[in-house]
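Visitor: predicted model, plus sequence, below.
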Amino acid sequence: MNTMEPYYITESKKMCIKAGMDPNEVARPRKFLSEGPFEEKRKSYSEILSVVRFFSNKLLDSLKGTPILVVVSDATGFLLEIEGDETIKSTIEQFGIKPGSLFTQEDTGTNVISLSLQQKHPISLIGGQHYHTFLHGIACYGTAFHYTDEDNLLGSVCIMMPIQFQNELFLTMLTQAVDSIERELLLRKQNKKLNIMNQIMLSKTRNGIVITDEKGITTEFNSFAEIISNNSRDSVMGRNICESSLTGAYFKEVLDHGKIVENEELKFKDADGNLIVCLFDAQPIYEEDKMIGAFGQFRDISDRYSLQEKYNYLAYHDDLTNLPNRRFVQKELEAVTKELHAGKDRTLALLYIDLDRFKIINDNFNHSYGDKLLKEVSKRLGVCLGENDILARLGGDEFVFLLEDFEDPDYVMKKAKEILHLIRQPFQIKNKELHTTASIGVAIYPDYPISMEQLMIYADNAMYQAKSQGKNCYVVHTSELLDVMMDEYMLEVDLRRALEKNEFVLHYQSQINNDTGKLVGFEALIRWQHPMFGLIPPGKFIKLAEENGLITQIGEWVIDEACSQNKKWQDAGMTPVKISVNLSTQQFLTGNLIPYMEEVLERTALDPAYLVVEITEYMAMEYEYSIQVLEQLKALGIGISIDDFGTGYSSLNYLKNFPIDYIKIDKSFVSELMNSEKDAVIVNAIITLAHNLHKEVIAEGVETKEQLEFLKNHQCDITQGYFFSKPLPAGEIEKIYLTKEGE
């Protein structure tokens, strides 16, 4: 018996020995709830499970790439939900571990669920701490959760994984998740009590209130209800609310079945014909256990609704052409592919359209001609829209047709030919005759599941194939074309060997100070020098690395290589500049990040003042953990930058409290600076906000002089992008900067 293990584990093992359990036999649960009682138990826990599910999914998302299982039990040990890694889930089902099974020490021996329910603190149960040997390859962490105002035990949340992935940080993350669960459960409980109090404060609320007796006869109708509904109190009082064409059906559900109605959106016209939009809630009123009536509440959101409608339109439509934009297309594709994955009988095709020689028109005339041409192209394309077709502008001279629910694949080819014919006809722009053609990539959703991103890539690749075939044509993505692309499985196999074969290289993109015009830094960007496919950009393999758990090793290689290279340049006489490296989410969450940074800086002898780490807004969501790690990095002297700012979960709180040096404006905003007033406003707002918080601003993706001038005029500190230089290998950097400084 291990004397160092916690006493409760030791006691549990003694109980197993006393009970005569064989540690080498598989201990299975003996009691299982049948379908009916199990569904009743889940129904009684439905609100609790919805809260637990939200935070456990958040936990699973933050640990994406790690094989992990989240198990939720009730207060007695019955398993209610098991979510996470499908391989682990199928393995434990062989031992009878599935929803509805009861976990007790008497049946299953020393287990994390029973011990979590017994203890008043989070626990871990690692490998040999289990009594039964078949569990020695598993690491488990668990804690109970309660209604904290009564210390009323509700159940447990446990996570389990293969023992090689054990990390005490997981127990901390689990504890934080359970703290959030308990706070949310308590808040909901308190809100229910407050709802009862709200029924009393009719005259002090700015919401419309309706109260009825148990038969539905209206007994209260406050002044705000009169204003919202344009009905007088006298005309409503004493009448049966169930007869109302607007809310009658809801009140009937409340009175007949005790149903609670929340946030139902109601729309109607007032006496002047104006649209009124309200959120409607209703619930039964009880005196002891007897229903004595119903309570209804209207919240007028008409102004907010109008603003939201306008915002939604602007957010999902292109400024220049008023066509749906890239965000709209992505949202629509996500919805349709989700239905296809669910087995719904639908058809889907994507036509990716790129105008040929559009840049020549812009260069020989000016942007006003180009903009006018794009408007005329959008009008002409709109002529051939079918009943289930969607036309959108992705940006620049790129358009897309979404074809949905067509019966014959020939419809897709006819549409592509029709578009080619329309675009070939001359355009009259400001008394000038302009000519252009189109290259079209066609991707038809196959008879097996693929992602939205894959469909877009297929269409994009086919479009480039059309360009290479001489333009003014369409190419359909086929299995033959797919064979030309990299096989994902083989790529993953090669990726596992890439590190040991030293196939990764770094390219460096310069960062320029806008006031002085001088080089102030580089961003280190990884590339894969594949022996067969050549130089592969990160977009082709980083996701694979995240999925197979290699991303942390690759990230460590990037840090080591960037620090070593920067020190070599300094030793060779280059003016010292900062070098930025990107951290992945998994790398940021590993417990050895700080020791590794210390070791690299010491080994390479690089002054930490010349190293900057870039994190994403998503990483910063784990507030307590993030601020601790960032402060430790800052204490080492390392700079910190928030990458892709504005595209994730922006929070003024972490901008205020985190030790951040730089805010990087995402290139998607920069690329549309000169075309979108909204993006220009957003960029200006980010710069102003950053400067007020004493942070420097870096704009990436700068490609034109006009973009650079805009950023300079709005006091952006640093820029990087193809206007200055594409990312270059170390040798090219040395030719430019070492040679220049040595002259």
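Guide: Done, it's in. Numbering: from 1, shown residues only.
Visitor: which residues of the stretch 351-500 of the chain fall in helices?
Guide: Along the stretch 351-500 of the chain, the segments classed as helices by DSSP state H, counting those that start in this stretch run 358-364, 367-383, 410-424, 452-468, 479-484, 488-498.
Visitor: worst average pLDDT in those?
Guide: Set side by side, these differ in mean pLDDT, and helix 479-484 is lowest with a mean of 55.
Visitor: could you list the low-pLDDT ranges of this protein?
Guide: 1-3, 193-206, 307, 309-313, 363-364, 479-490, 618, 620-623, 646-654, 739-743 (pLDDT under 70).
Visitor: out of the helices of the stretch 351-500 of the chain, indicate the one that is most buried.
Guide: Stretch with highest mean neighbour count among the helices of the stretch 351-500 of the chain: helix 452-468 (a mean of 19; mean count of other C-beta atoms under 10 Å). Backbone N, C-alpha and C define where each C-beta goes, glycine included.
Visitor: quick one: residues in contact with the helix or strand harbouring R327.
Guide: Counting by DSSP states H and E, the element that carries R327 is helix 326-341. Contacts to helix 326-341, defined as C-beta atoms under 8 Å, 6 or more residues apart in numbering, come from residues 315-317, 324, 346, 348, 350, 390, 392, 394-395, 400, 402, 404, 445, 449-452, 455-456.
Visitor: of these, which belong to strands?
Guide: When DSSP state E is applied, the contacts of helix 326-341 are split such that L348, L350, I390, A392, L394, G395, V400, L402, E404 fall in strands.
Visitor: any idea which of these is closest to A699?
Guide: Of all the ones in strands among the contacts of helix 326-341, G395 has the smallest distance to A699: 17.6 Å, by C-beta to C-beta.
Visitor: how much space separates that closest one from M237?
Guide: G395 sits 58 Å away from M237, taking C-beta to C-beta, to the nearest Å as the criterion.
Visitor: same check on L60?
Guide: 53 Å.
Visitor: those two - which one has more neighbours?
Guide: When neighbours are counted by other C-beta atoms under 10 Å, L60 and M237 differ, and L60 comes out ahead with 17 against 12.
Visitor: that's a helix at that one, yeah?
Guide: Yes - under DSSP: H, G, I helix; E, B strand; the rest coil, L60 falls within a helix.
Visitor: now do the same contact list for it.
Guide: L60 makes contacts with I68, V70, E83, G84, as judged by C-beta under 8 Å, 6+ apart.
Visitor: tell me the bridge partners for the last one.
Guide: I take that to be G84. G84 has the following beta-bridge partners by DSSP bridges: L69.
Visitor: partner strands of the helix or strand hosting A144, with direction?
Guide: Assigned by DSSP H and E, A144 belongs to strand 138-147. As defined by DSSP bridges, the strand partners of strand 138-147 come to strand 123-126 (antiparallel), strand 152-162 (antiparallel).
Visitor: same list (the ones you listed) but as JSON lines, adding mean neighbour count and distance to M532.
Guide: Output for the strands paired with strand 138-147, formatted as JSON lines (neighbours: other C-beta atoms under 10 Å; distance: least, C-beta to C-beta, whole Å):
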{"stretch": "strand 123-126", "mean neighbour count": "20", "distance to M532": "43"}
{"stretch": "strand 152-162", "mean neighbour count": "21", "distance to M532": "33"}
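Visitor: now distance to E523 too, for those, in a markdown table please.
Guide: A markdown table is the format used below for these (distance: least, C-beta to C-beta, whole Å):
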| stretch | distance to E523 |
| --- | --- |
| strand 123-126 | 40 |
| strand 152-162 | 34 |
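Visitor: go through the ones you listed and name the closest to N692.
Guide: Closest among the strands paired with strand 138-147, using C-beta to C-beta: strand 152-162, at 40.7 Å.
Visitor: could you dump the closest one to PDB, C-alpha only?
Guide: Extracted C-alpha coordinates of strand 152-162, given in PDB (Å, rounded to 0.1, in the frame of the first residue of the first chain):
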ATOM      1  CA  ASN A 152     -26.900  20.600  -1.100                       C
ATOM      2  CA  LEU A 153     -25.000  17.900  -3.000                       C
ATOM      3  CA  LEU A 154     -26.100  17.700  -6.700                       C
ATOM      4  CA  GLY A 155     -23.600  15.400  -8.300                       C
ATOM      5  CA  SER A 156     -20.100  15.200  -9.600                       C
ATOM      6  CA  VAL A 157     -18.100  16.200 -12.700                       C
ATOM      7  CA  CYS A 158     -15.100  14.000 -13.500                       C
ATOM      8  CA  ILE A 159     -12.600  13.900 -16.400                       C
ATOM      9  CA  MET A 160     -10.500  10.900 -17.400                       C
ATOM     10  CA  MET A 161      -7.800  10.400 -20.000                       C
ATOM     11  CA  PRO A 162      -4.900   8.000 -20.800                       C
END
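Visitor: next SSE downstream of it?
Guide: Note on strand 152-162: by DSSP H and E, the next helix or strand toward the C-terminus is helix 168-200.
Visitor: would you mark the buried spots in that next one?
Guide: 170-171, 173-174, 176-178, 181-182, 184-185, 198-199 (16 or more other C-beta atoms under 10 Å).
Visitor: wait, I285 touches G296, no?
Guide: No - counting by C-beta atoms under 8 Å, I285 stays clear of G296, with 10.5 Å between them.
Visitor: ok, these two, which is more surrounded?
Guide: G296 (25 against 17).
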